[in-house]
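Engineer: Got a predicted structure plus its sequence, pasted below:
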Amino acid sequence: MTTSLVLKPDQARLLKEIAATRMMRGEMPTASVSEVIRRLINENEKAFRAEIAGGKTE
């Protein structure tokens, strides 16, 4: 699925830089901002689901 995100320039730059860094370290095959975002979501999924359900977030 494709979607668009509206980010501040410094936020977009940060995501691009971490994607490039992870690629250079061999953690990702390409410098993919989408992969960085997917990993962030996976790492925080429990908290996101709790927030959606009205639970406490940390």
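Structural biologist: Great, that's in hand.

Engineer: burial measure for Leu5, as a count.
Structural biologist: Applying the criterion other Cβ atoms under 10 Å, we find 10 residues in the vicinity of Leu5. Backbone N, C-alpha and C define where each C-beta goes, glycine included.

Engineer: Phi, psi for it please.
Structural biologist: Dihedral angles of Leu5 (phi, psi; degrees, to the nearest 10) stand at phi -130, psi 140.

Engineer: Which pLDDT value does the model give it?
Structural biologist: For Leu5, the pLDDT comes out at 92.

Engineer: for Pro9, what are its contacts?
Structural biologist: Taking Cβ atoms under 8 Å, 6 or more residues apart in numbering as the criterion, Pro9 is in contact with no other residue.

Engineer: Distance of the residue most central in space within the chain relative to Glu45?
Structural biologist: Per Cα atoms, centre = their mean, the C-alpha nearest to the average position across the chain is that of Ile37, at 1.9 Å. Per Cβ to Cβ, to the nearest Å, Ile37 is found 13 Å from Glu45.

Engineer: Leu5 now?
Structural biologist: Going from Leu5 to Glu45 by Cβ to Cβ gives 18 Å.

Engineer: How about Arg25?
Structural biologist: Taken as Cβ to Cβ, the span from Arg25 to Glu45 is 24 Å.

Engineer: again, but for Val6
Structural biologist: Where Glu45 is concerned, Val6 sits at a distance of 22 Å (Cβ to Cβ).
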